[in-house]
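K.L.:
Would you be able to build a 3D model of this:
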Amino acid sequence: MYADPTHIRKKRVNLSLNDSEARLAEAMAEFNGMQTSVFLRELVLEGLTRFHASNSGAAAPELRAAQQ
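P.N.:
Numbering: from 1, shown residues only. The predicted model follows:
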């Protein structure tokens, strides 16, 4: 089914949101035409990439070049 089995997402993380946080996540996902879980996963991964880049001065140029 997958060309590379390492891309199968099988690790789960539970996230608890209050009502307003959940509504915001759902609204943003809908606005972007995505499922809420996919939207939140991409948001988390983007945040982790930015966090890593800001804390890794030496690697920051390589990360920015890879993203473009």
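K.L.:
State the phi and psi torsions of L45.
P.N.:
When quoted as degrees, to the nearest 10, the phi and psi of L45 stand at phi -60, psi -40.
K.L.:
Helix or strand: which one has N14?
P.N.:
Using DSSP states H and E, N14 is not contained in any helix or strand.
K.L.:
How confident was the prediction at it?
P.N.:
pLDDT recorded at N14 is 95.
K.L.:
And E46, by the same measure?
P.N.:
On the pLDDT scale, E46 is placed at 96.
K.L.:
now for the helix or strand encompassing it, which elements pack on it?
P.N.:
Assessed by DSSP H and E, E46 sits inside helix 36-55. Packing partners of helix 36-55 (3 or more C-beta pairs under 8 Å, 6 or more residues apart in numbering; DSSP states H and E): helix 19-31, helix 60-67. All C-beta spots, glycine's among them, are computed from the backbone N, C-alpha and C.
K.L.:
Packing partners of the first one?
P.N.:
Using 3+ C-beta pairs under 8 Å, 6+ apart as the contact definition, the elements that helix 19-31 packs against are helix 36-55.
K.L.:
Have a look at this structure and report the helix or strand with the lowest mean pLDDT.
P.N.:
The helix or strand of the chain with the poorest confidence is helix 60-67; it has a mean of 58 (mean pLDDT, DSSP states H and E).
K.L.:
Nearest residue to the residue most central in space within the chain in space, ignoring adjacent ones along the chain?
P.N.:
For the chain, the residue sitting closest to the mean C-alpha position, by C-alpha atoms, centre = their mean, is E42 at 2.4 Å. Spatially, and ignoring its direct neighbours in sequence, E42 is nearest to M34 (7.7 Å; C-beta to C-beta, 6 or more residues apart in numbering).
K.L.:
How about the secondary structure of that neighbour?
P.N.:
coil (DSSP: H, G, I helix; E, B strand; the rest coil).
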